[in-house]
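In: one predicted model, sequence on top.
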Amino acid sequence: MKERDYIVVGGGVSGLLSALALGKEGEDVLLLEKEDYLGGVCRSYKVDGYQVDTGPHMITRVAQGPLKYLIDRYFDIIPNFMPHGKYYVVLNNRVKPFPWNMRDWVSFDLLPQTDRIYLMRTLFSISYMFNKGEDLSKKSVAEFIGNGLSEPTTRFLNCMSYFMTGAPMDKTPVERFVDAEHYKSQSKGLLDKIYNILMKEGAQDQVYPKGGIQSIITSINASIPQKKVELRTGEEVVAINPTEKTIESSSGEYRYKTLIYSGFTSDLPKLTENKLPEEYTKSLSKLHKINALTLWLGLDTKIFKREGSEIWVDSDPYTWAVPVSNYDPNLSPKGKQLVGFAFSLPPGFNEKKEKERSLEAIYEMNPKIERNVDIIHYQMLIPEKAVWTIDTLFANVKTPVEGIYLVGTDTERRSMGITRASYSVNTLLSTLRQDKRL
């Protein structure tokens, strides 16, 4: 049985980025993916002439964030990114750009003036506490804001909490609303840091990849050194033996020096046959997945004409509408439009009911859409491997078991999506260097 320097379990974006980086660092890598495709929830495919992504994706912090670091260091082929534009809020049957900073809040009259003044004061207080190093990860938005706000304002904050963490405002940590990692490194003093959080445009470095989200996976695969990295699909890992440092898969057995596990961390105890420390296993049980529904509509005319996406606070359930073919017309047939609508799903959801409810919400918000539907396509997804709530204890990339490391969005709470995964990969690489494995 040949021993590999590294075995990566899981071929989603976290696993692929890890395999790419390790291969470029000269390591012998085997990646095992149980599906017959790579990318996980970061891929695209065709539906009746349209190219849909696995859920709407916008990539943040491309100017100097974690993905930019990986691209500069390891990518041979660079994806082509298109600026996202603005986020528009639909509230009380009116539309306005999202108020990213204190200046915008002054004119954001979708909410009552008294609420805006209160929220501006609260935002300044939060920003000051955040930059003084106070722990805001265990205090909920609802607890910090308190009572007394109007119904539209409460609905707006609850909507934003769901889309930023997958949880309502009574479970969403305050820290998520001041997740300004990329600004902190640019600022020198405390006042500079507060100014950056309160006055900078929050969507200025958000992009959509031309060619769809599949272009990210295509760039990774094209950059992987084939002589150093072997990718195997259709091969499910069914057991991990930490003592013998072996893996049993649906096709055979492998020996590793270092194991990188990018699947659901909460599944690790089962794969290791409960050979993990009891306290560690107990902590992993606190990781809860985000369940989401995406409804893709192909429209026979261009209905969404703004440059950017829309947050529908008025709809039930809350909706994020992303007209992806505005960024790349090739994603839909000529003269048509492709729009992704994303919804968070409640605990114990009924799939059929939620599909019906989401489509009804879209038609109610914009009746013109129903008259111009060309295709309807549903996706039930897990866009993040862990909901970031005040009760969540994220896993560390380094496990208590020698030789086993984790990577993925349940090991990292900063940002979301591909950016969150990229933060995790960078932390993994740093940890491996510290442990002299890389």
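Out: Yep, that arrived. Given the structure is predicted, the values throughout are model-derived calculations rather than measurements.

In: all contacts plus neighbour counts: C-alpha atoms, from now on.
Out: OK.

In: the chain: helices as residue ranges?
Out: 13-24, 66-74, 102-107, 113-131, 141-145, 151-165, 181-184, 190-199, 214-223, 268-271, 278-284, 351-365, 367-371, 417-434 (DSSP state H).

In: ranking these by mean pLDDT, which is last?
Out: Mean pLDDT values for those show the minimum at helix 181-184, a mean of 45.

In: one step back: what's the most buried one of the helices of the chain?
Out: helix 13-24 (a mean of 25; mean count of other C-alpha atoms under 10 Å).

In: the inter-axis angle of it versus helix 417-434?
Out: 40 degrees (axes from the mean of the first three to the mean of the last three C-alpha atoms, to 10 degrees).

In: tell me what helix 13-24 is packed against?
Out: With contacts taken as 3 or more C-alpha pairs under 8 Å, 6 or more residues apart in numbering; DSSP states H and E, helix 13-24 sits against strand 3-9, strand 29-33, helix 66-74, helix 214-223, strand 229-233, helix 417-434.

In: can you say which of those is nearest to Pro56?
Out: Of all the helices and strands packed on helix 13-24, helix 417-434 sits nearest to Pro56, with 10.1 Å by C-alpha to C-alpha.

In: chain center to the closest one: distance?
Out: 14 Å (C-alpha atoms, centre = their mean, to the nearest Å).

In: ditto for stretch 88-99
Out: That offset, for stretch 88-99, works out to 23 Å (C-alpha atoms, centre = their mean).

In: that one: which residues count as buried?
Out: For stretch 88-99, the neighbour count (16 or more other C-alpha atoms under 10 Å) marks 88-91, 96-99 as buried.

In: and for stretch 56-68?
Out: Buried residues in stretch 56-68, defined by neighbour count with 16+ other C-alpha under 10 Å: 56-62, 65-68.

In: over to stretch 240-259?
Out: Applying 16+ other C-alpha under 10 Å to stretch 240-259 flags 240, 242, 245-249, 254-256, 258-259 as buried.

In: do me a favour and average the pLDDT over that stretch.
Out: 96.

In: identify the residues contacting that stretch?
Out: 1-9, 235-239, 271-273, 275, 401-405 (C-alpha atoms under 8 Å, 6 or more residues apart in numbering).

In: need the distance between the two termini of stretch 233-243.
Out: Using C-alpha to C-alpha, to the nearest Å, the end-to-end distance of stretch 233-243 comes out at 26 Å.

In: quick check, distance from that stretch to the centre of its chain.
Out: Remark: stretch 233-243 is offset 26 Å from the chain centroid, using C-alpha atoms, centre = their mean.

In: now do stretch 68-78
Out: 19 Å.

In: can you list the buried residues of stretch 56-68 in a markdown table and add distance to Thr153?
Out: Compiled in a markdown table, the buried residues of stretch 56-68 are given as follows (distance: C-alpha to C-alpha, whole Å):
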| residue | distance to Thr153 |
| --- | --- |
| Pro56 | 26 |
| His57 | 26 |
| Met58 | 25 |
| Ile59 | 27 |
| Thr60 | 26 |
| Arg61 | 28 |
| Val62 | 31 |
| Gly65 | 31 |
| Pro66 | 33 |
| Leu67 | 34 |
| Lys68 | 35 |
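
In: what's the closest of those to Gly348?
Out: Pro56 (23.1 Å).

In: do you know how far that closest one is from Glu356?
Out: 19 Å.

In: what lies in contact with stretch 4-17?
Out: Residues from elsewhere that reach stretch 4-17 (C-alpha under 8 Å, 6+ apart): 18-19, 27-34, 38-42, 217, 220-221, 237, 254-263, 407-408, 418, 421-422, 424-425.

In: span of that stretch from start to end?
Out: Stretch 4-17 has an end-to-end distance of 18 Å (C-alpha to C-alpha).

In: CA atoms of stretch 296-311 as CSV?
Out: Written as CSV, here are the backbone C-alpha positions of stretch 296-311 (Å, rounded to 0.1, in the frame of the first residue of the first chain):
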residue,chain,number,x,y,z
TRP,A,296,-33.6,29.6,-10.8
LEU,A,297,-35.9,31.3,-13.3
GLY,A,298,-35.2,31.7,-17.0
LEU,A,299,-37.1,34.7,-18.3
ASP,A,300,-38.0,35.3,-21.9
THR,A,301,-37.4,39.1,-21.5
LYS,A,302,-35.0,41.2,-19.4
ILE,A,303,-37.0,42.2,-16.3
PHE,A,304,-34.1,42.9,-13.9
LYS,A,305,-32.3,45.9,-15.3
ARG,A,306,-30.3,47.3,-12.4
GLU,A,307,-26.6,46.7,-12.0
GLY,A,308,-26.5,44.6,-8.9
SER,A,309,-28.7,42.3,-6.9
GLU,A,310,-31.9,42.8,-4.8
ILE,A,311,-32.7,42.0,-1.2
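
In: show me the contact partners of it.
Out: Identification of contacts with stretch 296-311 by C-alpha under 8 Å, 6+ apart yields 50, 52, 84-90, 318-323, 326, 332, 335-341, 369, 372-378.

In: kindly recompute the last result at 6 Å.
Out: Contact with stretch 296-311 is made by 84-89, 319-322, 336-340, 372-377, as judged by C-alpha atoms under 6 Å, 6 or more residues apart in numbering.
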